[in-house]
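Asker: for reference, the sequence and a predicted model appear below.
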Amino acid sequence: MRYRPFGPAGQAVSALTLSLGPRDIAHGPEAGRELIYSALEAGINSYRLETADPVLAEILGQALKHVDRKLVQVSLTLGAGDGRRGSDRDFSAEGITSAIDRALNISGLGWFDLAILDEPADHELPQPTLSALKALRASERIRLLGISGEDAVMDTYVSTGAFDVLATPFHVNSPWQIRSRLRAAQEADMAIFVYGYFPESLDTAKKAAAVHQPKKGLFGFGGPKTKDNPLAHAGTFAFLHRTNNWPAEAICLAYALTDPSVSSVLIRASDMERLNMLAMVPDRDMPPGLAAQIEMARVAGAKAA
């Protein structure tokens with residue numbers, strides 16, 4: 001596992017962050033603890049709680065209780081999910097303070113290195129909430145504050161200078177708006193966590209081969225190239241599923257790690273085999289020519305747009 005600097009204190013964070021959610025304890029608390037133990041053995045020292053669920057917090061705390069707390073980085077996501085559809089989203093001063101204190105008390109972690117506000121709308125962070133966050137930092141219950149999302153309002157939050165970390169989707173076919181936001185966050189001295197490195201639009205060979213392909217026109221002309229054409233699927237991401245000894249997901253993860261602005265990539269892995277496969281990626285070099293293929297497919301997409 002490789003490590004990268006994180007935060008003003010110069011803490012080293014693993015290139016991968018294990019993201020923990022309800023699915024990871026669906027088969028019981030022991031399954032969740034075993035997953036965390038395996039991640040520790042793989043060299044992962046960064047963990048994210050996707051919600052303030054006290055059960056998740058307790059399991060993580062139990063798994064890390066024999067590890068020097070200063071050697072692991074733990075983040076908590078607040079307001080996870082779309083509050084416009086759900087009922088448990090609470091960005092009020094009381095709601096945020098209560099969620100953090102409850103998770104800390106039951107986990108025994110002492111503090112959260114990072115609290116991440118999930119997709120806050122431009123009206124969801126009133127002054128009392130900001131004051132509560134400052135108080136939480138002053139008492140060192142949280143060390144850093146971050147925002148997560150992909151909407152245009154993220155640009156505004158990045159520009160305020162009020163946040164230490166940006167969490168954003170980032171993958172081989174990310175639009176220029178996301179790439180521009182990464183640069184802006186880097187220039188603002190924000191640490192960057194990325195997720196969504198293997199988007200649904202590329203997760204099967206058929207989908208990847210169809211990216212940027214023109215649709216059939218009148219009388220069938222202008223459609224996708226035939227399989228007999230050596231240039232069939234040129235300018236698409238079909239190669240992601242055709243690279244020997246490299247699963248498409250591993251390629252996409254390796255690509256996300258090539259961006260020097262990225263501190264860590266959030267992964268989900270509910271079984272040991274998948275976790276071990278992903279944990280090997282930071283120490284592997286992408287096959288020669290693959291980076292060029294990714295760039296050509298991206299350029300083709302930009303032209304098609």
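Answerer: Okay, I see it. Since the model is a prediction, treat every value here as computed from it, not as a measurement.
Asker: hey, let's count contacts and neighbours off CA atoms from now on
Answerer: OK.
Asker: pull up the gap between Ile59 and Ile116, please.
Answerer: Using Cα to Cα, to the nearest Å, Ile59 is found at 20 Å from Ile116.
Asker: looking at the two, which is more packed in?
Answerer: Each of Ile59 and Ile116 has its neighbours counted (other Cα atoms under 10 Å); Ile116 has more, 25 against 21.
Asker: and whichever helix or strand that one is part of, C-alpha only, in PDB?
Answerer: Per DSSP states H and E: Ile116 is located in strand 112-118. Extracted C-alpha coordinates of strand 112-118, given in PDB (Å, rounded to 0.1, in the frame of the first residue of the first chain):
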ATOM      1  CA  PHE A 112     -13.000  12.100  14.000                       C
ATOM      2  CA  ASP A 113     -10.200  13.200  11.700                       C
ATOM      3  CA  LEU A 114     -12.700  14.500   9.200                       C
ATOM      4  CA  ALA A 115     -16.400  15.300   9.100                       C
ATOM      5  CA  ILE A 116     -17.900  15.300   5.600                       C
ATOM      6  CA  LEU A 117     -21.100  17.200   4.800                       C
ATOM      7  CA  ASP A 118     -22.800  15.200   2.000                       C
END
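Asker: any idea of the mean pLDDT for that strand?
Answerer: For strand 112-118, the mean pLDDT works out to 95.
Asker: next, the buried residues of the helix or strand following that strand.
Answerer: Remark: after strand 112-118, the chain's next helix or strand is helix 127-138, criterion DSSP H and E. The neighbour-count check on helix 127-138 (16 or more other Cα atoms under 10 Å) flags 129, 132-133, 136-137 as buried.
Asker: ditto for stretch 172-184
Answerer: The neighbour-count check on stretch 172-184 (16+ other Cα under 10 Å) flags 172-173, 178, 181-182 as buried.
Asker: picking that back up, and the contacts of the strand holding Ile116?
Answerer: The contact list for strand 112-118 (Cα atoms under 8 Å, 6 or more residues apart in numbering) reads 73-81, 104, 141-149.
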